[in-house]
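*Asks:* Okay, structure incoming, though there's no sequence with it:
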Ligand code: HEM
């Protein structure tokens, strides 16, 4: 039997997942070596990426390939905006800026959203399934380290209020991946785009790591 697409995409990105998870910036951030300013800067970068991810969803909702993946309970922009108001103040928009690596990431997401819906799915998977998984570990550490209220302002990005059972949601999401309406060749291209998405994330971590380094 053919390998289910959800397994294929997960296996293909496994190595890069480890790389992202163990990147210097993430290790320093979650290991307690960086201040809340680094966390705020990272959250800022996420805002630019999610703006690109969530901008074209009304159009993508009707797309035969990406449409099934567009689920309102996943949307993160309002949560990011509340977190940024908390982290940077009400004038956060004037303070927030995208690093060049973030600009490159957001530009690629926007391009896929506009021109290649199957490629968009690769970015959708990489972000939202990650946020529903490892995101919970990040939230827990951030709450303890910087004293955010549990599931409150500052970490709302990681709180999916409308996803009652994340494990069940992820199972459903994998079923959508397995049923994606593209042929085998296109599936290979989606896997390649997923790897590109991980590389773009790693690029942002690298840039953040250059801006912030843990006290020796
Ligand atoms: C410190 C950082 C991270 C931690 C601790 C972490 C941890 C995890 C964990 C525990 C899972 C669940 C694996 C499972 O269901 O068996 C997971 C899944 C996932 N993570 Fe991460 N992760 C991190 C960073 C990232 C990043 C930066 C990305 C990409 C942007 C990412 C993307 C994903 C994806 C797409 C999945 C779902 C895999 C699948 O089931 O298909 N993660 N992560």
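*Replies:* Ah, there it is. Note that the structure is predicted; figures quoted are calculated from it, not measured. Numbers count the residues shown, from 1 in each chain.

*Asks:* going forward, measure contacts between C-alpha atoms and count neighbours the same way
*Replies:* Fine.

*Asks:* So which residues on the protein come close to the ligand?
*Replies:* 10, 17, 20-21, 26, 125-127, 129-130, 133-134, 137, 198, 201 (CA under 6 Å from any ligand atom).

*Asks:* Just the buried ones from the residues you listed, in PyMOL syntax?
*Replies:* To isolate the buried subset of the residues of the chain next to the ligand in PyMOL, counting by 16 or more other CA atoms under 10 Å, use the following:
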select buried, resi 10+17+20+26+125+126+127+129+198+201
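
*Asks:* residues in contact with stretch 198-216?
*Replies:* Outside stretch 198-216, the residues that touch it by CA atoms under 8 Å, 6 or more residues apart in numbering are 13, 16-17, 19-20, 23-26, 28, 33-34, 38, 41-42, 45, 99, 101-102, 104-105, 126.

*Asks:* brain fart, stretch 100-111
*Replies:* For stretch 100-111, contacts defined as CA under 8 Å, 6+ apart pick out 45, 48-53, 120, 123, 197, 200-201, 203-204, 207.

*Asks:* Can you pull out the low-pLDDT segments for the chain?
*Replies:* By pLDDT under 70, the low-scoring segments of the chain are 1, 215-216.

*Asks:* what's the farthest-apart pair in the contacts of stretch 100-111?
*Replies:* Pairwise distances across the contacts of stretch 100-111 (CA to CA) peak at 23.6 Å, for the pair 120 and 207.

*Asks:* More neighbours: which of those two?
*Replies:* A direct count of neighbours by other CA atoms under 10 Å for residue 120 and residue 207 places residue 120 higher, at 27 against 16.

*Asks:* in which helix or strand would I find that one?
*Replies:* If you go by DSSP states H and E, residue 120 is part of helix 117-124.

*Asks:* helices or strands up against that helix?
*Replies:* helix 100-115, helix 184-211 (3 or more CA pairs under 8 Å, 6 or more residues apart in numbering; DSSP states H and E).

*Asks:* Give me the buried stretch members for the shortest one, please.
*Replies:* Just to be clear, that refers to helix 100-115. Result for helix 100-115 [16+ other CA under 10 Å]: buried residues 101, 102, 103, 104, 105, 106, 107, 108, 109, 110, 112, 113.

*Asks:* now it and helix 117-124, what's the angle there?
*Replies:* Interaxial angle of helix 100-115 relative to helix 117-124 (axes from the mean of the first three to the mean of the last three CA atoms, to 10 degrees): 140 degrees.

*Asks:* so what's the backbone phi/psi at the residue nearest the centre of the chain?
*Replies:* By CA atoms, centre = their mean, the chain has its centre lying nearest to residue 127, at 2.8 Å. The phi and psi values for residue 127, taken as degrees, to the nearest 10, are phi -80, psi -60.

*Asks:* distance of it from residue 37?
*Replies:* 22 Å (CA to CA, to the nearest Å).

*Asks:* what does residue 109 give?
*Replies:* For residue 109 relative to residue 37 (CA to CA), the value is 26 Å.

*Asks:* same check, this time on residue 44
*Replies:* For residue 44, the distance to residue 37 - CA to CA - is 10 Å.
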